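K.L.:
Here is my input, please return the structure:
(one chain, ligands or ions: 2)
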Amino acid sequence: MKTILVTGGAGYIGSHTVLALLEKKYEVIVVDNFVNSSKKALARVEKLTGKKIKLYELDCCDKVKFSQVFKENKIDAVIHFAGLKAVGESVNVPLKYYENNLFSTINLLNLMQEYKVYNIAFSSSATVYGEPKSVPIYEDFELHISNPYGRTKLIIEDILRDFSKVNPEFNIAILRYFNPIGAHPSGLIGENPNGIPNNLVPYITQVAVGKLKELGVFGNDYPTKDGTCIRDYIHVCDLAEGHILALNKLFSKCGLVTYNLGTGKGYSVLEVIKAMEKAVGKPIPYSFKPRRAGDIPECYASPVKAETELGFKAKYSLEDMARDSWNWQKNNPNGYDE
Ligand code: NAD
Ligand code: UFG
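P.N.:
Numbers count the residues shown, from 1 in each chain. Ligands and ions are numbered 1, 2, ... in the order given. Model prediction:
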């Protein structure tokens, strides 16, 4: 059975992917420094699967410690989730983002080369497209970046493209996620944001559970069907499945490949509120606020390339995503904190 190293495996997408990997009988090694996650997520994945996860608590920027993982294990592939992801924070402390996201990735690639581990899937983001010329967004669209977080993703993509040209033995999957929401249907693992959430759905669930008073809807004058922004929300379990399919592609010796992971459907902020109200069974108080700097009106994927080449097709509907987001929040009002 193949062994997969998952950096950032205790995080939101990482924990769901580790669960999916264990269910598919992969051996999993997690590296995480818990800067934005909890060990309880991994304990719950172990509980759900009845399997043990080998854990290294370390910072991927620490190459000496990180090298131990490669010395002590025979790794077949890496899924690289580790990174900082708060757009607003990245504007205020850009060096922290460049240092963490770039150094960790460069260390990882050096170690993979040294230990002859030739398969990697990298967590990129739809943010690399900036404001697209049209929707749906295809993988060959021009890339435009407007914030340091997004720039770290683009720089890493560029590093991977440069690296791939001179290291043809490497198989590299650049995965551009659209907007992951939802949680495992068990309600045992989910998204656990620090402080007040920046993202729409965690904000709504915290309003619904009574931790926040009211949602501010950022802008109702966009050129969209109801004036609010459109996004491609994808269930985190669908996203996890996308990584399993990406591994299959890597093991077929694909070289460098790039895929959107989205559903291909766009929903407005008001449509998401409506779906959440249905899941929660009560109204979500909200009011319109000015536009948020940096938001684009419309962003949704063309899922065709991932479907054709990976066999990836999102299964969960917006209704499912709303139900599972709420199930997680109501069972864990304080996330992983007791
Ligand atoms: P997350 O913060 O929940 O998970 C990231 C994990 O990486 C955390 O467990 C954190 O502790 C760990 N980590 C960060 N820096 C580290 C380091 N230097 N060494 C070791 N561990 C480190 O985030 P997520 O939502 O699960 O996102 C996973 C990846 O997907 C990130 O790279 C993120 O940028 C990318 N992504 C996320 C979204 C989203 O909306 N959630 C969208 C597009 C792309
Ligand atoms: N929104 C509100 N009120 C809130 C939060 C969000 O109205 O309190 C709106 C935003 O204006 C936007 C939509 O809800 O129109 C979605 O916002 P999110 O913050 O949930 O998601 P974004 O599309 O802005 O960004 C997310 C991730 C980024 C990633 C990007 C593209 O946060 O890291 O998707 O993948 F880069």
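K.L.:
which strands and helices sit next to the host helix or strand of residue 272?
P.N.:
Residue 272 is part of helix 269-280 when elements are defined by DSSP states H and E. Contacts defined by 3 or more Cβ pairs under 8 Å, 6 or more residues apart in numbering; DSSP states H and E place helix 269-280 against helix 200-208, strand 215-218, helix 318-331. All C-beta spots, glycine's among them, are computed from the backbone N, C-alpha and C.
K.L.:
Now that helix: buried residues?
P.N.:
When burial is assessed from 16 or more other Cβ atoms under 10 Å, helix 269-280 yields the following buried residues: 269, 270, 271, 272, 273, 275, 276, 277, 279, 280.
K.L.:
could you give the angle of it to helix 318-331?
P.N.:
If you take axes from the mean of the first three to the mean of the last three Cα atoms, to 10 degrees, helix 269-280 sits at 60 degrees to helix 318-331.
K.L.:
Show me which of the helices and strands packed on helix 269-280 has the highest average neighbour count.
P.N.:
Neighbour counts (mean count of other Cβ atoms under 10 Å) averaged over each of the helices and strands packed on helix 269-280 peak at helix 200-208, with a mean of 23.
K.L.:
my guess is residue 47 meets residue 186, correct?
P.N.:
No: if you go by Cβ atoms under 8 Å, residue 47 and residue 186 don't touch, sitting 9.2 Å apart.
K.L.:
what's the neighbour count on the residue of the stretch 201-338 of the chain found nearest ligand 1?
P.N.:
At 8.3 Å from ligand 1, residue 236 is the closest residue in the stretch 201-338 of the chain, using Cβ to the nearest ligand atom. Other residues near residue 236 come to 26 when the count uses other Cβ atoms under 10 Å.
K.L.:
quick one: contacts for it?
P.N.:
By Cβ atoms under 8 Å, 6 or more residues apart in numbering, residue 236 lies in contact with 12, 13, 16, 180, 181, 182, 183, 184, 191.
K.L.:
Take these and lay them out in a markdown table including secondary structure.
P.N.:
Putting the contacts of residue 236 into a markdown table (DSSP: H, G, I helix; E, B strand; the rest coil) gives the following:
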| residue | secondary structure |
| --- | --- |
| 12 | helix |
| 13 | helix |
| 16 | helix |
| 180 | strand |
| 181 | strand |
| 182 | coil |
| 183 | coil |
| 184 | coil |
| 191 | coil |
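K.L.:
Return the closest of those residues with respect to residue 289.
P.N.:
Of all the contacts of residue 236, residue 181 has the smallest distance to residue 289: 20.6 Å, by Cβ to Cβ.
K.L.:
Can you name the residues in contact with the helix or strand bottoming out on mean pLDDT in the chain?
P.N.:
Least confident helix or strand of the chain, by mean pLDDT, DSSP states H and E, is helix 87-92 with a mean of 95. Residues outside helix 87-92 that contact it (Cβ under 8 Å, 6+ apart) are 84, 96, 97, 127, 147, 148, 149, 150, 152, 198, 294.
K.L.:
so the fifth one makes contact with residue 294?
P.N.:
Yes: here residue 147 lies in contact with residue 294, judged by Cβ under 8 Å, at a distance of 6.2 Å.
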